[in-house]
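Asks: pasted the sequence and its predicted model underneath.
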Amino acid sequence: MRTQVGIIGAGPAGLMLAHLLTRAGVESVVLESRSRDYVEKRVRAGVLEQGSVDLLVQTDAGERLLREGLIHHGIELRFEGQGHRIPLTELSGGRSITVYGQQEVVKDLIRIRLAAGGEILFDTEATAIEGIDSDRPRVRFTRESAEETLECEYVAGCDGFWGVSRGALPASAVRAYDREYPFAWLGILASMKPASEELIYSYHDDLGFALHSMRSPVISRLYLQCRPDEPLEEWPDDRIWHELEMRFATAEGFELSGGPILEKGVTAMRSFVVEPMQYGRLFLAGDAAHIVPPTGAKGMNLALADVKVLAEAFRERYASGSDRLLRSYSETCLRRVWRAEHFSWWMTSMLHRFPDDVGGYQHKLQISQLRYVITSKAAATTLAENYVGLQTV
Ligand code: RFL
Ligand code: PHB
């Protein structure tokens, strides 16, 4: 099997790259270890920055997103039993965010690719990448227990944090930056009308973080801070609702109606960046190259921003023979990546209870920072412009 760009992974990064390459007249093959059904049902991120929406719409992949996505102009920060609205649109020169499930983006991109006659090999696991120093790199993969090889001119590693691509970069040529957090998120999808029109990021003095998001007028997505090693069996539905009630409680008596829980999962929190994001003919994009804790809602947006840059670089390479943009790919992306790393770390540090904060000093700093964000226009603007996504970084 042979193609111009071999893409490993059919998440937002790999699928969007394939879509952009098709539009640029560059051939690609996507290898995905999971089944189509699995990737289309995997519940993850939900917030699209304006720039991500624009990218999908401008490339004719945003038709359903425009119909079904929920446009939000603000978020609520809640602490000490009171909510405070951050008017995102007002503070960011008219920009907004759109709540639209990551799996919906994935479904839309898969449908478009298959309709255009493009190739996605599901249930196909990339096992090794060879010859990235040469002009003929190869991806070895396993499909239906048979070993095969994809010969390409370039390889795009879009296989997420646990994929094979990052390990194919020579250790001596890269540096990794890593931070783990002493907590995780327990996330649920519930059949419940959202209790608020906008997302609520809540910080409870003793219990810590909770987030109320949504997927539709009848489906809510909620998260709460838990221990990183938390077994799900310790979280029966009643306990989850009780814990959420306490963390969202306000002086005015805010209530969650509750409802059947459709999905439950625990997500570890980490910050991670590998530099550079490229070596020889292997280019990493999305979670394969960097991870942020989900508090800033940046992961899917960074994945889309990376492949926008990468697709343009491949377009130039195939149109004119110049590899100028390919050579600056990593540096261009890393500027945005580090801004998002900082913002996500900052939001995470402000909104979670740190188990090692024995004397409560960190907690006092957090409350002070939260008060500052809700009373200072400058501080609120910092949050708003980062949250909706900075245009120039
Ligand atoms: P993905 O989506 O992980 O896709 C990688 C794909 O590669 C496949 N794969 C392989 N295929 C072939 N061979 C191999 N050897 C392979 N190894 C792996 C995998 O099966 C998969 O299909 O990475 P990508 O495309 O870089 O996209 C990144 C995003 O998925 C991720 O950053 C976001 O989900 C993060 N995230 C959020 N991001 C946001 O922008 N906004 C949010 O609100 C947000 N909330 C979240 C999140 C992530 C969460 N979890 C579960 C990690 C909330 C949560 C709970
Ligand atoms: C979500 O809707 O899943 C979501 C929203 C905001 C976040 C993280 C996740 O910061």
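Replies: That came in fine, so what should we check first? Ligands and ions are numbered 1, 2, ... in the order given.
Asks: what segments of the stretch 151-300 of the chain are helices?
Replies: 237-248, 299-320 (DSSP state H, counting those that start in this stretch).
Asks: any idea of the mean pLDDT for the first one?
Replies: Okay, so that is helix 237-248. Mean per-residue pLDDT for helix 237-248: 97.
Asks: so what's the closest residue to ligand 2 within the stretch 1-150 of the chain up against?
Replies: Across the stretch 1-150 of the chain, the shortest distance to ligand 2 (CB to the nearest ligand atom) belongs to Gly46, at 2.7 Å. To be clear about C-beta, it is placed using only N, CA and C from the backbone, and glycine gets the same treatment. Taking CB atoms under 8 Å, 6 or more residues apart in numbering as the contact definition, Gly46 lies against Val99, Tyr100, Gly101, Gln102, Ser213, Met214, Arg215, Arg221, Ala297.
Asks: what parts of the stretch 51-200 of the chain come near ligand 2?
Replies: Counting by CB under 6 Å from any ligand atom, the residues of the stretch 51-200 of the chain close to ligand 2 are Leu199.
Asks: distance of the residue in the stretch 51-200 of the chain that ligand 1 sits nearest to from Arg42?
Replies: Using CB to the nearest ligand atom, Gly160 is the residue of the stretch 51-200 of the chain that sits closest to ligand 1, at 2.8 Å. Using CB to CB, to the nearest Å, we find Gly160 at a distance of 11 Å from Arg42.
Asks: give me the more crowded residue out of those two.
Replies: Under the criterion of other CB atoms under 10 Å, the comparison of Gly160 against Arg42 puts Gly160 first, with 20 against 14.
Asks: how about the contacts made by the more buried one?
Replies: Residues in contact with Gly160 (CB under 8 Å, 6+ apart) are Gly9, Gly11, Gly286, Asp287, Ala288.
Asks: do that again at 10 Å, thanks
Replies: By CB atoms under 10 Å, 6 or more residues apart in numbering, the residues touching Gly160 are 8-9, 11-14, 33, 166, 286-288, 291, 303.
Asks: from the residues you listed, which single one is nearest Tyr203?
Replies: Tyr203 has its nearest neighbour among these in Ile291, at 22.6 Å by CB to CB.
Asks: do you know the pLDDT at the closest one?
Replies: Ile291 is given a pLDDT of 98.
Asks: neighbours of it, just the number please.
Replies: Each residue near Ile291 was counted by other CB under 10 Å, and the total is 23.
Asks: my guess is it meets Tyr181, correct?
Replies: No: Ile291 is beyond contact range of Tyr181, at 11.2 Å (criterion: CB atoms under 10 Å).
Asks: spit out the residues that contact these two alike.
Replies: Overlap of the contact sets of Ile291 and Tyr181 (by CB under 10 Å, 6+ apart) consists of Ala268, Met269, Arg270, Ser271.
Asks: residue contacts, the third one?
Replies: Under the criterion of CB under 10 Å, 6+ apart, the neighbours of Arg270 are Phe161, Asp178, Arg179, Glu180, Tyr181, Ala184, Pro228, Ile291, Val292, Pro293.
Asks: what parts of this protein come near ligand 1?
Replies: Going by CB under 6 Å from any ligand atom, the residues of the chain near ligand 1 are 8-14, 31-34, 39, 44-47, 102, 125-126, 158-160, 163-164, 185, 187, 267, 286-287, 294, 297-301, 303.
Asks: mind giving me the PyMOL select for the residues you listed, buried ones only?
Replies: Filtering those down to the buried ones (16 or more other CB atoms under 10 Å) takes a single PyMOL command:
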select buried, resi 8+9+10+11+12+13+14+31+32+33+34+39+44+45+46+47+102+125+126+158+159+160+163+164+185+187+286+287+294+297+298+299+300+301+303
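Asks: in strands only, show me the residues of the chain next to ligand 1.
Replies: Members of the residues of the chain next to ligand 1 lying in strands (criterion: DSSP state E): Ile8, Leu31, Val47, Glu125, Ala126, Trp185, Gly187, Thr267.
Asks: part of a strand, is Leu77?
Replies: Yes: with DSSP: H, G, I helix; E, B strand; the rest coil as the criterion, Leu77 is part of a strand.
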